[in-house]
Structures are given as C-alpha cells and as structure tokens.
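*Asks:* A predicted structure for the sequence below; I have some questions about it.
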Amino acid sequence: MENVQMLLPVEPKEFWRHLRSIVEEVVIDSRRIPVRDTHSERPLLKTKEVCEIFHISKPTVYEWLKQGKIKSVKIQSRRYFHWKDVEELIHQSKVNPLKAKS
C-alpha cells in the first residue's frame, strides 16, 4: 500500500495510522454496546414499539386486540404488550403470513 497515490494533505503513513486508529475505536465501541435482550430488560412493550416491529399503525394494533390476535396489559392509562405474545404473533406470521395480516 506504500505505492498508492493519494490526494490528501497528509503523509500516507499518517493517513493509514489515523484510519487504523479509527477502525480500532469503532471495533472497541461495538464491543461495549450490549446486545439488547428484550426478554430480561423489558418484558413489556409499548403500543408504538409493537407498531414498529410489525410496521403497522396503532388502529391495526387495536383491531388485533379486538380480534384476540394479541393480548395487552393496561397500567393506568397506558397499554403494554408482553414480549412473549409479540414473539408468538411473529412466529404465527412466519408460519401463516395471511393470518397475521388480516
């Protein structure tokens, strides 16, 4: 890589050293980010999160509630969904795609 021509205002060795340090920082930072385990961290999901998971609107979520496709828990004025129920609906939609969409 020493023979590569670069149109940069730095020496090639300095450029590669800097690039290497940036890559190392990114790798180290990526190791620090914990893998999100929704089961243990937050077993309850908000309606908005369910909408994002399925790429649907809130009225569709409420329709699914009426149809009994998914269960929810109401805490004060807010509605939450158990992650297990959402996973089950995901599994059902993979097995039978038409059932989950209707």
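*Replies:* Arrived safely.
*Asks:* And the contacts of the strand of greatest length in the chain?
*Replies:* The single longest strand within the chain, with elements called by DSSP state E, is strand 78-82. With contacts defined as Cβ atoms under 8 Å, 6 or more residues apart in numbering, strand 78-82 is touched by 43, 44, 45, 46, 47, 49, 50, 70, 71, 72, 73, 74. For glycine as for every other residue, the C-beta is placed from the backbone atoms N, C-alpha and C.
*Asks:* quick one: average pLDDT of the helix or strand containing residue 16?
*Replies:* According to DSSP states H and E, residue 16 maps onto helix 12-32. Mean per-residue pLDDT for helix 12-32: 83.
*Asks:* Would you state the strands of this structure in chain order?
*Replies:* For the chain, the strands defined by DSSP E cover 44-46, 73-75, 78-82.
*Asks:* Mind putting the ones you listed into TSV with mean pLDDT, mean neighbour count and distance to residue 92?
*Replies:* Output for these, formatted as TSV (pLDDT from 0 to 100; neighbours: other Cβ atoms under 10 Å; distance: least, Cβ to Cβ, whole Å):
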stretch	mean pLDDT	mean neighbour count	distance to residue 92
strand 44-46	91	16	17
strand 73-75	90	9	20
strand 78-82	92	17	15
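*Asks:* would you list these in CSV and tack on distance to residue 27?
*Replies:* What follows is the strands of the chain, written out as CSV (distance: least, Cβ to Cβ, whole Å):
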stretch, distance to residue 27
strand 44-46, 31
strand 73-75, 40
strand 78-82, 36
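*Asks:* With that, I have no additional questions.
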